[in-house]
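*Asks:* fold the following for me, if possible:
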Amino acid sequence: MTESMTRPPAETAAPDEGAGPPARPRHAPAVLRPALRRVRALPPWSALVAGVLAGGLLGAGYGLLTPARYTATSYVVAVPADASDPASALGFAQAYGRVATQLAVLADAQMWAHVPVTTLRESVRTATSPDAPMVSVSATSSSPEEAADMADAVARALTRHAAASADDTRVELRQFARATEPTEPSSASAAVTGLVGASAGGLLGGLALLVRPRRAGRDGGPPAAPVPGPAPAADVRGQL
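*Replies:* Numbers count the residues shown, from 1 in each chain. Now for the predicted structure:
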């Protein structure tokens with residue numbers, strides 16, 4: 001009698017009563033499977049088109065929902081005294097352009113602008129020219145009238161501070177041009193923000209198109225050959 005006939009049958013392990021049902025492979029729900037098939041059937045360039053459309057809609061929506069901003073600009077000019085060097089006015093204009101946004105000047109300007117100092121600090125910007133002793137004071141606000149008032153108020157406060165030290169600097173500031181209420185907003189329109197959003201969406205869609213996984217045989221190449229597995233071992237138990 002062979003060993004395979006005399007060997008007792010192997011005991012089967014009893015199922016664990018506390019264990020749950022065997023794990024099932026995770027698949028998409030049956031409701032989503034048709035939608036996933038339709039997504040996979042779309043052409044590769046659909047990601048690019050979807051990115052352009054989504055970016056354009058988001059950009060246009062941002063431009064429509066964001067309130068328009070208006071910018072007004074006032075100008076002051078540095079004038080040297082009779083006995084001073086005219087070239088010194090250019091240097092003092094550069095210095096006063098940096099001082100215009102300091103707290104001492106803005107604290108005086110809030111009395112005429114009727115806005116807090118924090119609003120002036122966030123909304124007022126100054127610029128100077130390397131060729132002319134002139135300082136431009138620009139203010140931005142959602143109201144054209146408020147923007148002009150803030151620019152004129154800061155320019156007025158700056159000239160008062162310059163006049164207080166004119167005996168030492170031999171240079172005084174004079175208002176060159178008052179700010180006028182702007183008629184057109186300085187912020188980007190909905191068309192511009194829509195174009196920017198469409199460009200950004202197209203860029204993201206193009207990147208998604210480049211990094212998408214390629215399926216075998218889709219681009220005309222041969223399908224990947226199956227990897228051979230190990231050969232089954234010969235059952236020699238019945239030959240003993």
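*Asks:* which residues in this protein form strands?
*Replies:* Secondary structure of the chain by DSSP state E: the strands cover 70-80, 124-128, 134-141, 171-177.
*Asks:* buried deepest among those, which one?
*Replies:* strand 134-141 (a mean of 23; mean count of other C-beta atoms under 10 Å). (Glycine included, C-beta is placed from N, CA and C.)
*Asks:* strand partners of it, parallel vs antiparallel please.
*Replies:* Strands flanking strand 134-141 in the sheet, each with its direction: strand 70-80 (antiparallel), strand 124-128 (antiparallel) (DSSP bridges).
*Asks:* and the first one, what's its mean pLDDT?
*Replies:* Same thing as strand 70-80. Over the span of strand 70-80, the pLDDT mean works out to 92.
*Asks:* which stretches in the protein count as helices?
*Replies:* Taking DSSP state H, the helices of the chain run over residues 3-6, 33-41, 46-65, 86-99, 103-113, 117-123, 144-164, 166-169, 190-210.
*Asks:* quick one: which of these is nearest Glu184?
*Replies:* helix 144-164 (9.3 Å; C-beta to C-beta).
*Asks:* quick one: contacts for Thr101?
*Replies:* Contacts here follow C-beta atoms under 8 Å, 6 or more residues apart in numbering; on that basis Thr101 touches Arg121, Val124, Arg125, Thr126, Val154.
*Asks:* pretty sure Ala104 contacts His161?
*Replies:* Yes: between Ala104 and His161 a contact is recorded at 7.0 Å, counting by C-beta atoms under 8 Å.
*Asks:* and these two? which has more neighbours close in?
*Replies:* A direct count of neighbours by other C-beta atoms under 10 Å for Ala104 and His161 places His161 higher, at 16 against 10.
*Asks:* what confidence value was assigned to that one?
*Replies:* So His161 comes in at 89 (pLDDT).
*Asks:* same thing with the one 4 residues further on?
*Replies:* In the predicted model, Ser165 carries a pLDDT score of 84.
*Asks:* I'd like the distance from it to Val49, if you could.
*Replies:* Distance of Ser165 to Val49, given as C-beta to C-beta, to the nearest Å: 64 Å.
*Asks:* residues in contact with the closest residue to Glu181 other than its chain neighbours?
*Replies:* Spatial nearest neighbour of Glu181, chain neighbours left out: Pro144 (4.3 Å); criterion: C-beta to C-beta, 6 or more residues apart in numbering. Counting by C-beta under 8 Å, 6+ apart, Pro144 makes contact with Tyr70, Ala72, Glu181, Pro182, Thr183.
*Asks:* brilliant, that's me finished.
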